[in-house]
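Undergrad: The sequence isn't on hand, but the structure is:
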């Protein structure tokens, strides 16, 4: 059996090695357009910032090492220009010599990846304009930074790559601004949770221009102007575009393979395309979202690796299935960690799902243990069924551990109420006896049992201030004085039983505290004394962070970027 693979990195290289482990006699040829067959794609921004110092550390395997260990022919600087399914060959061009030839196959695997979105805007030919996808892109940016010593940079786009590059350029001492049309960074997160990311980014001196539309670029005064719609241009020394990626599917399209979302390659759960003996994996393929069951494009290294392994199994006569992607991801944001899995509340509502959420602020370790830090968790679940849909966490320690537990819970189909039953490891340096994941489960179980009724941030402005309801802040007088929501009166939770006569039992009570714990206790006191009480999900800490962030976004949008 002869297998030809188009593209290396996560999907193609993984598949090639797996095929060899399953079939010692298969002839395997990999064609890679770039000069690198297997590299640490996710590590590229950290080489620019000097965190990774040796460029060779980015290279996971070389053609020589691959051949030495696996007897796989890795042809770098070779571009596959056409697929001929009728005669089971591909056309190949040697980019160094210019030679063109055809290569036959019994099985063909496409792993072309995705390409950065490169919009059709004025000034796109500037040599001060960069994108980041390959090792060569990284070297180009690094060389520009080292040689020209730029003092400022603009990131266009605030996703994973944009944020990581912004951080690394900022750590080099550059003045960095992130510009993008949506009014939040990191769209896998809900806007309220993104507020904490915004705060961390601002704290480290990165300016945010959210809600700005880029209309082009213009070289001026030795630098480059980023032209904005209805706004003053931003002058900078360099620009990095990171506004997303699109599937690299031109080969598949020209060969008549069926296409899906945004021109992606359509595959079944065996990673088979619409043409016999042709498989496809990685960022170029359409997948099923594991939570919603809907078609999706999820460009992450983890799914690409798994798909490569599955395709290899099936090429070698097995029957492996890809069950879908749920978008589990984590990112370092300066000192903070932000992670997500499944779907967020915004996308759940767009999908027409009846959803509810809990927001909590647990400690990363036992509260009394030195170094314990607060994290913010948002867990999304389906009303009535309590199906676990997704989770987002931002914090400074223990975030990755908790998101992986929640990702696993989603994968095995646990209900959100069952999170309370998980038997998780505990020692003071690592957690509390009631792990944050358990705490989320306790809260959701209380909702299911009718013990906890909630109100959310989206309800805050609509709460009547005409006296028809009671608005109650149960923090201490000092906390209340430092900041509170207009219209809320203050009765500290420890005084509540003695002051119940001040409240009208005929009116529903909307309760808030700093994190949600004291207000929950107050809600139970009120319910036990004949009141109807609703607890604020997330506490004043959450409310204050989100509201302040929204104000900063709007003031920057109206008055410039003086944050």
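TA: Cool, got the structure. Being a predicted model, the structure only gives us computed values, none of them experimental.

Undergrad: Neighbours of residue 231, how many?
TA: Residue 231 is flanked by 18 other residues according to other C-beta atoms under 10 Å. C-beta here means a position set from N, CA and C on the backbone, and glycine is covered the same way.

Undergrad: which residues in the stretch 351-500 of the chain form helices?
TA: For the stretch 351-500 of the chain, helices defined by DSSP state H, counting those that start in this stretch occupy the ranges 399-411, 436-448, 477-482.

Undergrad: do the same with the stretch 1-150 of the chain
TA: Per DSSP H, counting those that start in this stretch, the stretch 1-150 of the chain carries helices over the ranges 9-22, 44-48, 63-70, 135-148.

Undergrad: elements contacting the first one?
TA: Counting by 3 or more C-beta pairs under 8 Å, 6 or more residues apart in numbering; DSSP states H and E, the packing neighbours recorded for helix 9-22 are strand 2-6, strand 27-32, strand 38-39, helix 63-70, helix 301-315.

Undergrad: Output the lowest mean pLDDT helix or strand found in the chain.
TA: Lowest by mean pLDDT, DSSP states H and E among the helices and strands of the chain is strand 38-39, with a mean of 66.

Undergrad: picking up where we left off before, rebuild the helices of the stretch 1-150 of the chain as a markdown table, extending it with mean pLDDT, distance to residue 552 and mean neighbour count.
TA: Converted to a markdown table, the helices of the stretch 1-150 of the chain look like this (pLDDT from 0 to 100; distance: least, C-beta to C-beta, whole Å; neighbours: other C-beta atoms under 10 Å):
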| stretch | mean pLDDT | distance to residue 552 | mean neighbour count |
| --- | --- | --- | --- |
| helix 9-22 | 92 | 37 | 24 |
| helix 44-48 | 85 | 25 | 23 |
| helix 63-70 | 86 | 49 | 15 |
| helix 135-148 | 92 | 29 | 16 |
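
Undergrad: So for residue 517, which of those helices sits nearest?
TA: Proximity of those to residue 517 was assessed by C-beta to C-beta; the nearest stretch is helix 44-48, lying at 38.0 Å.

Undergrad: can you list contacts of the closest one?
TA: For helix 44-48, the surrounding residues in contact (C-beta atoms under 8 Å, 6 or more residues apart in numbering) are 52-53, 55, 57-58, 132, 135, 137-138, 141-142, 145, 161, 164-165, 167-169.

Undergrad: Low-confidence regions, the stretch 451-563 of the chain specifically.
TA: Confidence mapping of the stretch 451-563 of the chain against pLDDT under 70 gives the ranges 557-563.

Undergrad: try the chain
TA: 38-41, 59-60, 557-563.

Undergrad: can you do 50?
TA: Counting by pLDDT under 50, the chain contains low-confidence residues at 562-563.

Undergrad: quick check: longest helix of it.
TA: As assigned by DSSP state H, the longest helix anywhere in the chain is helix 539-559.

Undergrad: And that one, how far out from the chain middle?
TA: 22 Å (C-alpha atoms, centre = their mean, to the nearest Å).

Undergrad: With distance to residue 500 added, can I get the helices of the stretch 1-150 of the chain in a markdown table?
TA: Shown next, in a markdown table, are the helices of the stretch 1-150 of the chain (distance: least, C-beta to C-beta, whole Å):
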| stretch | distance to residue 500 |
| --- | --- |
| helix 9-22 | 61 |
| helix 44-48 | 56 |
| helix 63-70 | 74 |
| helix 135-148 | 64 |
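
Undergrad: Of all the ones you listed, which one is nearest residue 157?
TA: With C-beta to C-beta, the closest approach to residue 157 among the helices of the stretch 1-150 of the chain belongs to helix 44-48: 12.8 Å.

Undergrad: So what's the gap between that closest one and the chain middle?
TA: Counting by C-alpha atoms, centre = their mean, helix 44-48 comes out at 18 Å from the chain centroid.

Undergrad: hmm, what's the outermost residue in the protein?
TA: residue 501 (48.9 Å; C-alpha atoms, centre = their mean).

Undergrad: what's that residue in contact with, if anything?
TA: Under the criterion of C-beta under 8 Å, 6+ apart, residue 501 has no neighbours.

Undergrad: how close does it get to residue 212?
TA: Separation of residue 501 from residue 212 (C-beta to C-beta, to the nearest Å): 54 Å.

Undergrad: ok, and what's touching stretch 26-36?
TA: The contact list for stretch 26-36 (C-beta under 8 Å, 6+ apart) reads 1-9, 12-13, 16, 19-20, 37, 58-59, 66, 70-80, 90, 92, 95, 103, 134-136, 316.

Undergrad: Pull out the buried residues from it.
TA: 26, 28, 29, 30, 31, 32, 33, 34, 35, 36 (16 or more other C-beta atoms under 10 Å).

Undergrad: and the residues you listed, which two are the farthest apart?
TA: 26 and 35 (25.2 Å).

Undergrad: Does residue 212 belong to a helix, a strand or coil?
TA: coil (DSSP: H, G, I helix; E, B strand; the rest coil).

Undergrad: change the start of the numbering to 560 and stick with it
TA: In the new numbering, first residue 560, that becomes residue 771.

Undergrad: So what does it look like in phi/psi?
TA: Backbone torsions of residue 771, given as degrees, to the nearest 10, read phi -100, psi 140.

Undergrad: ok, it touching residue 787?
TA: Yes - between residue 771 and residue 787 there is a contact under C-beta atoms under 8 Å: 5.1 Å.

Undergrad: Give me the more crowded residue out of those two.
TA: Ranked by neighbour count (other C-beta under 10 Å), residue 771 and residue 787 place residue 771 first, with 24 against 16.

Undergrad: residues in contact with that one?
TA: Contact partners of residue 771, counting by C-beta under 8 Å, 6+ apart, are 738, 739, 740, 787, 788, 790, 1116.

Undergrad: Please apply the same query to residue 912.
TA: Going by C-beta under 8 Å, 6+ apart, residue 912 touches 851, 941, 948.

Undergrad: Can you get me the start-to-end distance on stretch 764-782?
TA: End-to-end distance for stretch 764-782, by C-alpha to C-alpha, to the nearest Å: 21 Å.

Undergrad: Let me know whether residue 1033 touches residue 1051 as I believe.
TA: Yes - with contact defined as C-beta under 8 Å, residue 1033 counts as touching residue 1051 (6.1 Å).

Undergrad: out of the two, which sits in the busier spot?
TA: It is residue 1033, of residue 1033 and residue 1051, that has more neighbours when counted by other C-beta under 10 Å, with 28 against 18.

Undergrad: Quick one: residues contacting that one.
TA: Applying C-beta under 8 Å, 6+ apart, the residues near residue 1033 are 1049, 1050, 1051, 1052, 1055, 1070, 1071, 1072, 1077, 1078, 1080, 1081.

Undergrad: any chance of the residues you listed in TSV, plus distance to residue 985?
TA: As requested, the contacts of residue 1033 are arranged in TSV below (distance: C-beta to C-beta, whole Å):
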residue	distance to residue 985
1049	36
1050	35
1051	31
1052	27
1055	32
1070	30
1071	30
1072	26
1077	24
1078	26
1080	23
1081	28
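
Undergrad: which of those are buried?
TA: Among those, those buried by neighbour count (16+ other C-beta under 10 Å) are 1050, 1051, 1052, 1055, 1070, 1071, 1072, 1077, 1078, 1080, 1081.

Undergrad: What segments of the stretch 610-759 of the chain are strands?
TA: 618-620, 632-635, 637-643, 648-653, 659-663, 666-669, 673-675, 688-690, 711-715, 734-739 (DSSP state E, counting those that start in this stretch).
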